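Chemist: after the sequence you'll find the predicted model.
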Amino acid sequence: MPVQRRGAAIDIAGLRREYPGTRGSVVAIDHVDLRIAPGEFLCIVGPSGCGKSTLLRILAGLDRQTAGTITVDAAGWVVENAMVFQESGLFPWMSVEANVRFGLDTRGVPRAEANARVEAALKLVGLTRFRNHFPHQLSGGMRQRSAIARAFVTDPGMLLMDEPFAALDAQNRVILQGELVRLWEQTGKTVIYVTHSIEEALLMGDRTVIMTAHPGRIKQVIDVPFPHPRDLLQLSASPEFGKLKLDIWRVLEEEVNRARAEMEK
Amino acid sequence: MSSKSPMSPKTQERLLYLISPIGLIALWQLLLMAGIGDRRFVPAPSDIAWRYWDMLTNGELETNTLATLWRVLAGFFLGSIPAIAVGLLMAMFRPIRIFFDPLIASLFPIPKIALMPLLLLVFGFGDASKIALVVIAVFFPVVINTYAGAANIERIYWDVAKNYGASQSVIFRRIVLFGALPMIFAGLRIALAVSFIVLVAAEFVSTKVGIGYMIWNSWELMQVDVMFVGIVTVGLLGLIATAILQEIERKVIPWKAE
């Protein structure tokens, strides 16, 4: 069954973010143009310093661009976006349940409805039994599951994910990648997923945006040809996946060498 | 000690912990019993213990302890609650920080006991002047610690709150307050000790009841044993109050990794 896509549409045009500094300003991102379709799973990959997190923070309303426009069509969505942060960002003083409920409390969702939605979200990520635990009592994987539940429970038009699995061990990362893709396939929301792993991006998303650093620009946009629903384990072992990965690495290698040559000049 | 010792290392440590105070008291007692030192000026531990029992049974100690305790507790609460509020608001709002910063920087170093004559002038010889002094003394350590705690809350929590649509009042009640709690308690513990310190000093001169008065009065009457009873009582009160505060801290901050 194909994924029922329903989510916010985003149109980014000429986006630029400069940070003023004592020794001249630093351009974090420049000339970023991107159209994201409703329900698309878009991955953004790039080395550190390419401004991928900056782009996400602007979309999340936590930062403002210096120039350019972002048009979000989130008609019909009460909550425009919800972000999943790198180190989970769970409040250590709240139980898992209170953390998951947070985005409903802030928006005044009625108690009975909030209870039902929190219940469903905890079940979705398999944390019903751990609802009264504090974050420090959970494993890294469980913390990220809670953070994902906290985002999903608000039913946002788009999910913004900032390297959510970067701090996990390899096994947990594979498991959570699979769970996230399954969740997305069920809900069909727009997802913007930032990562530094090309493999992860190709494995999960519909499209992969490759960015370069200093200043952060879009180098290439790749249409990932594999249909959803996906079996990530099987996909990662297939020759087609290996070839795509290799092609992209070649492009990047070129880019890295060019940048290095420029720096040495 | 060999491994054949029946005592666990923990028990050994506890014993070692008790050796110095008990040894000191024993030495003190023995020296006086041996006739070294004048018992009129330096009472033996046993003399103090007898006097303690005496004052406990005749109600004298109770009256003075309750007076001191009431002033400490009233001043502690009246001083720390607004200090917590101001500290949190300073962390949240820049103008409030800019307003309070110079006041704190200039008033904090003033020895609080130096304000006692002024407070007597304003509040008179009743409890109010002593409570006011404790309020002032408690305010500073609590406000400074609260502000430091709230200002050092990791940025990610502010980001999450903002991204998830939290209003200023939600940020205040659910993020800043809780994020600052460990530091608030650190401030409260300092404040508790400070409140006993300033109050006992204030009671020396400005009242007819309280542990401080008891200590000062016994000096004038040359009752050195009573003096020691007062000192021991203040120490015990501080010990008990700190233990209670720590117990509350454990209950209020269950997420603090054990």
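Modeler: That came in fine, so what should we check first?
Chemist: neighbours of residue B:42, how many?
Modeler: By other CB atoms under 10 Å in any protein chain shown, 15 other residues sit near residue B:42. C-beta: built from backbone N, CA, C; applies to glycine.
Chemist: swap in residue A:43?
Modeler: Neighbours of residue A:43 using other CB under 10 Å come to 26.
Chemist: at which residues are the helices of the chain located?
Modeler: Let's take chain A. A:52-59, A:96-105, A:111-124, A:140-152, A:170-187, A:198-204, A:232-237, A:239-264 (DSSP state H).
Chemist: could you do chain B instead?
Modeler: So, for chain B - with DSSP H - the helices run B:9-33, B:45-57, B:60-92, B:94-107, B:116-123, B:127-151, B:155-163, B:168-170, B:177-205, B:211-220, B:224-252.
Chemist: quick check: mean pLDDT across the fourth one?
Modeler: With pLDDT averaged residue by residue, helix B:94-107 scores 94.
Chemist: okay, it in PDB with CA atoms only?
Modeler: Written as PDB, here are the backbone C-alpha positions of helix B:94-107 (Å, rounded to 0.1, in the frame of the first residue of the first chain):
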ATOM      1  CA  ARG B  94      17.000  41.300  30.900                       C
ATOM      2  CA  PRO B  95      15.600  44.600  32.200                       C
ATOM      3  CA  ILE B  96      14.900  43.000  35.600                       C
ATOM      4  CA  ARG B  97      18.500  41.700  35.700                       C
ATOM      5  CA  ILE B  98      19.900  45.100  34.900                       C
ATOM      6  CA  PHE B  99      17.800  46.700  37.600                       C
ATOM      7  CA  PHE B 100      18.700  44.300  40.300                       C
ATOM      8  CA  ASP B 101      22.400  43.600  39.500                       C
ATOM      9  CA  PRO B 102      23.900  46.800  41.000                       C
ATOM     10  CA  LEU B 103      21.700  46.600  44.000                       C
ATOM     11  CA  ILE B 104      22.800  43.000  44.800                       C
ATOM     12  CA  ALA B 105      26.500  43.800  44.000                       C
ATOM     13  CA  SER B 106      26.500  46.800  46.400                       C
ATOM     14  CA  LEU B 107      24.300  45.400  49.200                       C
END
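Chemist: counting by contacts, list what that helix packs against.
Modeler: Counting contacts by 3 or more CB pairs under 8 Å, 6 or more residues apart in numbering or on different chains; DSSP states H and E, helix B:94-107 is packed against helix B:60-92, helix B:127-151.
Chemist: and that helix, what's buried?
Modeler: B:97, B:100, B:104 (16 or more other CB atoms under 10 Å in any protein chain shown).
Chemist: now do the same contact list for the last one.
Modeler: Residues in contact with residue B:104, defined by CB atoms under 8 Å, 6 or more residues apart in numbering or on different chains, are B:140, B:143-144.
Chemist: hang on, the earlier thing: most packed of the helices of chain B?
Modeler: Mean neighbour count (mean count of other CB atoms under 10 Å in any protein chain shown) peaks for helix B:127-151 among those, with a mean of 23.
Chemist: how far does it sit from the chain's center?
Modeler: Distance of helix B:127-151 from the chain centroid (CA atoms, centre = their mean, to the nearest Å) equals 11 Å.
Chemist: what packs against that helix?
Modeler: Packing partners of helix B:127-151 (3+ CB pairs under 8 Å, 6+ apart): helix B:60-92, helix B:94-107, helix B:116-123, helix B:177-205.
Chemist: between helix B:127-151 and the second one, find me the angle.
Modeler: Read that as helix B:94-107. 130 degrees (axes from the mean of the first three to the mean of the last three CA atoms, to 10 degrees).
Chemist: how about the longest one?
Modeler: Taking the same axes, to 10 degrees, helix B:60-92 and helix B:127-151 form an angle of 40 degrees between their directions.
Chemist: and helix B:60-92, does that touch chain A?
Modeler: No - using CB under 8 Å from any CB of the partner chain, no contact is recorded between helix B:60-92 and chain A, whose separation bottoms out at 14.4 Å.
Chemist: show me which residues of chain A sit near chain B.
Modeler: A:57, A:60-62, A:79, A:81-83, A:85, A:87, A:89, A:91-94, A:102-103, A:105-107, A:134-136, A:150, A:154.
Chemist: 7 Å instead, please
Modeler: Residues of chain A found near chain B (CB under 7 Å from any CB of the partner chain) are A:60-62, A:82-83, A:85, A:87, A:89, A:91-93, A:102-103, A:106-107, A:134, A:136.
Chemist: PyMOL command to pick out the buried ones of those?
Modeler: Remark: buried members of the residues of chain A next to chain B, expressed as a PyMOL selection using 16+ other CB under 10 Å:
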select buried, chain A and resi 60+62+82+83+85+87+89+91+92+93+102+103+106+134
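Chemist: low-confidence ranges, the chain, go.
Modeler: You didn't say which chain, so I picked chain A. Within chain A, the stretches with pLDDT under 70 are A:1.
Chemist: not quite, go with chain B.
Modeler: Applying pLDDT under 70 to chain B flags the ranges B:1-5, B:257-258.
Chemist: rerun at 50
Modeler: Along chain B, the parts satisfying pLDDT under 50 run over B:1, B:258.
Chemist: per-domain residue ranges of it.
Modeler: Domain assignment for chain B, taken from automatic domain parsing, gives B:1-37, B:45-252.
Chemist: can you redo the ones you listed as JSON lines with distance to residue A:213?
Modeler: JSON lines is the format used below for the domains of chain B (distance: least, CB to CB, whole Å):
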{"stretch": "domain B:1-37", "distance to residue A:213": "55"}
{"stretch": "domain B:45-252", "distance to residue A:213": "22"}
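Chemist: residue A:259: which of these is closest?
Modeler: Of all the domains of chain B, domain B:45-252 sits nearest to residue A:259, with 30.1 Å by CB to CB.
Chemist: quick one: that closest one to chain centroid distance?
Modeler: Chain-centre distance of domain B:45-252: 6 Å, with CA atoms, centre = their mean.
Chemist: next, the distance between the ends of that domain.
Modeler: Domain B:45-252 has an end-to-end distance of 39 Å (criterion: CA to CA, to the nearest Å).
Chemist: next, the distance between the ends of stretch B:166-179.
Modeler: 15 Å.
Chemist: need the residues that contact stretch B:144-151.
Modeler: For stretch B:144-151, the surrounding residues in contact (CB atoms under 7 Å, 6 or more residues apart in numbering or on different chains) are B:83-84, B:87-88, B:90-91, B:104, B:176, B:179-180, B:182-184, B:186-187.
Chemist: check stretch B:181-195 too.
Modeler: Applying CB under 7 Å, 6+ apart, the contact partners of stretch B:181-195 are B:72, B:75-76, B:80, B:84, B:134, B:137-138, B:141-142, B:144-146, B:148-149, B:238, B:241-242, B:245, B:249, B:252-253, B:256.
Chemist: still on that earlier bit, which single one of the contacts of stretch B:144-151 is nearest to chain A?
Modeler: Of all those, the one with the least separation from chain A (CB to the nearest CB) is residue B:179, at 7.2 Å.
Chemist: who's in contact with the closest one?
Modeler: Listed by CB under 7 Å, 6+ apart, the contact partners of residue B:179 are B:150, B:153, B:157.
Chemist: residue A:53 touches residue A:194, doesn't it?
Modeler: Yes - using CB atoms under 7 Å, residue A:53 is in contact with residue A:194, at 6.2 Å.
Chemist: shared neighbours, those two?
Modeler: With CB under 7 Å, 6+ apart, residue A:53 and residue A:194 have common neighbours residue A:162.
Chemist: compare those two (neighbour count), which wins?
Modeler: residue A:194 (26 against 21).
Chemist: not counting sequence-adjacent ones, nearest residue to residue A:164?
Modeler: What sits nearest to residue A:164 in space, not counting adjacent residues and going by CB to CB, 6 or more residues apart in numbering or on different chains, is residue A:84, at 4.6 Å.
Chemist: isn't the one you found up against residue A:152?
Modeler: No - the criterion here is CB under 7 Å, and residue A:84 misses it with residue A:152 at 9.2 Å.
Chemist: ok, the spatially closest residue to residue B:183 that is not a sequence neighbour to residue B:177 distance?
Modeler: Closest residue to residue B:183 apart from its sequence neighbours, by CB to CB, 6+ apart: residue B:149 at 2.6 Å. Distance from residue B:149 to residue B:177, counting by CB to CB, to the nearest Å: 10 Å.
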